[in-house]
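K.L.:
Give me a 3D structure for the following:
(one chain, ligands or ions: 2)
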Amino acid sequence: MISLKAGSFLQNNSTSFSGISSFSHSQRKVSAPVVVALNSNGRGGERKFKALMESTLKEIREGASALDMDPKPNPGAGVEDVYGEDRATEDQPVTPWTTSVASGYSLLRDPHHNKGLAFTDKERDAHYVRGLLPPAVVTQELQEKKLMHNLRQYQVPLQRYMALMDLQERNQRLFYKLLIDNVEELLPVVYTPTVGEACQKYGSIFRRPQGLYISLKEKGKILEVLKNWPEKKIQVIVVTDGERILGLGDLGCQGMGIPVGKLALYTALGGVRPSSCLPVTIDVGTNNEELLKDEFYIGIRQKRATGQEYSELLHEFMCAVKQNYGEKVLIQFEDFANHNAFELLAKYRASHLVFNDDIQGTASVVLAGVVAALKLVGGTLAEHTFLFLGAGEAGTGIAELIALEMSKQTKAPIEETRKKIWLVDSKGLIVSSRMESLQHFKKPWAHEHEPLKTLLDAVKAIKPTVLIGSSGVGKTFTKEVVEAMASFNERPVIFALSNPTSQSECTAEQAYTWSKGRAIFASGSPFDPVECNGKVFVPGQANNAYIFPGFGLGLVISGAIRVHDDMLLAASEALAGQVTEDNFDKGLIYPPFCNIRKISAEIAANVASKAYELGLATRLPRPANLVKYAESCMYSPVYRNYR
Ligand SMILES: O=C([O-])CC(=O)C(=O)O
Ligand SMILES: [Mg+2]
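P.N.:
Residues are numbered from 1 along each chain as shown. Ligands and ions are numbered 1, 2, ... in the order given. Have a look, this model is predicted:
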């Protein structure tokens, strides 16, 4: 039994040699190695293993609990916590059935436990790392200071990205500490816009796999592939098929940067622990000719599979995930092309815990921004008129959520409230005479109007109070468009949502100068503050990064089994509620990102509360104070002491 377990450890971890050698270390001198208890459910075949291990592990168990657990409140003896792990208590210590062992050199090479120069002298002795490090012992804070200093030396954003990815591979806790403490500075590096460039060059900068690759070659074997992933307790999966990466189009297998980046934010911004996160890229080929010809391309070299071949692979994936991780694992769809995104969401929302960030997350964050903006411009939602450029996932997703909220507020049927919202696509204003040729997700927006070809014509005819860009095409909010908005609105609300920065419909500077400083502006990718007529304007970042980490945390802590639209409204309400008077005074419609963990806890609590109300939560009893509970569940990147 032991050899079987050791074998599977060998198979699943590239540290095979160290696994064996330090395991024998552990038999020689049991208090020496770092031992990590992964699970204590004592299931089936593992029982025997547990019994066999029991005597050996007795002495080293103290060390185990020091490493395994985050310093969090104990929800009760023998109680499974939200991470599905049993917590040790005085009368009921954790009894590990699976161990992985790392000490000495392999400990320094293990990003989950490596602390670099922060290993104390005692730890260096106890864990066989003495002499493997230079003599200085430093704090995590000093390491952080040094890394930030080094990062700032790089002028090229992609170099910063690569340095951060290296850090994540080297020392996970330090990576998250850096990200959490410097969120405003580092978000544009690990996320939009730099992550877009990283995906474009992913084949060249690829060093180590950071997630699972499921290609057509894995058809029929997806369950096995999932089992190859070293972590077993997965709670959040972000999956892409790479067909519409940000506004950059089809990047095939190189879209992996997106799930990796999104999940880094799940941990840093939402506190979901890194070991519970799984990035996945489904590779069904790419229609990107340049990539197909690129010798460094890392995906399968063929045109995209479509139709039955595509949906069978996706279905196998969805079933395997549920079979392997259960009902409560969240699957976040990210950057799928429109045609698949809507279909996948509709197909799986009743049977799986699924969430499409581009449709639903973006909708929730924009609704929050619009609600906050109304405090500055006045009027209720239903008193405003909305015009979108772009009728894809983001555009129709936002439009629908705004219509839903309007309908809740006014009690008017949603068919009525939709009439306050107009969409322009590549063929012009969406109107009823185009109904026949429209894709199904555009049909609800085909209102009675004469056909109009351009955005400018539509702006002049519809006279929207709120203009939202979600087209993925940059520079489309021209001077004429912004000036037209400013001609009939005292405070035009303008959201340029497309990512990365190169695809933004206009820049912050353009919005402010062309509107003579009157626009209330937010964008998907970050822009620096702008000075206009002697005044400084701080643009908002209407990015789904405000929502998905807290939203996911809310689902996790309540054990939700399905996503309901009311949860999106709950998330949106919580976010809008975090904008302070002080923020409004500065013209801000989103709270600053530096408070994001607090914001995420509020969002999580509101979402969890809705899950309980709707009877979709399985974690019982409901914690009395959901905000406090959400905060207590958040991952802390502070180093642990290894006794
Ligand atoms: O990643 C982002 O910044 C927002 C997003 O989901 C997208 O643009 O597809
Ligand atoms: Mg996206």
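K.L.:
Phi, psi for Lys420 please.
P.N.:
Main-chain dihedrals, Lys420, degrees, to the nearest 10: phi -80, psi 0.
K.L.:
What of Leu251?
P.N.:
Per-residue torsions, Leu251: phi -110, psi 10 (degrees, to the nearest 10).
K.L.:
how about the nearest residue to it once chain neighbours are set aside, secondary structure?
P.N.:
Sequence neighbours aside, Ile245 is the residue nearest to Leu251 in space, at 4.3 Å (criterion: Cβ to Cβ, 6 or more residues apart in numbering). Bear in mind the C-beta positions are built from the backbone N, C-alpha and C, glycine included. On the three-state scheme (DSSP: H, G, I helix; E, B strand; the rest coil), Ile245 is labelled coil.
K.L.:
before we move on, which element is Ile402 in?
P.N.:
Assignment of secondary structure by DSSP states H and E places Ile402 within helix 393-410.
K.L.:
near ligand 1, anything from that helix?
P.N.:
No: Helix 393-410 lies out of reach of ligand 1 by Cβ under 6 Å from any ligand atom, never closer than 7.4 Å.
K.L.:
and that helix, is it in reach of ligand 2?
P.N.:
No: judged by Cβ under 5 Å from the ion, helix 393-410 makes no contact with ligand 2; its nearest approach is 8.3 Å.
K.L.:
In that helix, which residues are buried?
P.N.:
393-407 (16 or more other Cβ atoms under 10 Å).
K.L.:
Let me see the ranges of the helices in the stretch 251-400 of the chain.
P.N.:
257-268, 289-293, 307-325, 338-348, 362-377, 393-410 (DSSP state H, counting those that start in this stretch).
K.L.:
so the residue nearest to Leu251 sits right up against Gly255, yeah?
P.N.:
Yes: Ile245 lies in contact with Gly255 (Cβ atoms under 8 Å); the separation is 4.7 Å.
K.L.:
what do those two both touch?
P.N.:
Both Ile245 and Gly255 are contacted by 199, 335, under the criterion Cβ atoms under 8 Å, 6 or more residues apart in numbering.
K.L.:
burial measure for Glu450, as a count.
P.N.:
Glu450: 9 surrounding residues under other Cβ atoms under 10 Å.
K.L.:
beta partners for the closest residue to it other than its chain neighbours?
P.N.:
Distances taken as Cβ to Cβ, 6+ apart put Val431 closest to Glu450, at 7.2 Å, once the chain neighbours are dropped. Partner residues in beta bridges with Val431: His447, with DSSP bridges as the criterion.
K.L.:
Report the separation between Val431 and Ile462.
P.N.:
Val431 sits 11 Å away from Ile462 when distances are taken as Cβ to Cβ, to the nearest Å.
K.L.:
Please apply the same query to Pro230.
P.N.:
Pro230 sits 54 Å away from Ile462 when distances are taken as Cβ to Cβ.
K.L.:
Compare the two and say which one has the larger neighbour count.
P.N.:
Between Pro230 and Ile462, Ile462 has the larger neighbour count (other Cβ under 10 Å), namely 19 against 12.
K.L.:
and the more buried one, what does it touch?
P.N.:
Ile462 sits next to 385, 387, 422, 429 when contact means Cβ under 8 Å, 6+ apart.
K.L.:
what about 6 Å?
P.N.:
387, 422 (Cβ atoms under 6 Å, 6 or more residues apart in numbering).
K.L.:
Now it: phi and psi?
P.N.:
Torsion angles, degrees, to the nearest 10, at Ile462: phi -80, psi -30.
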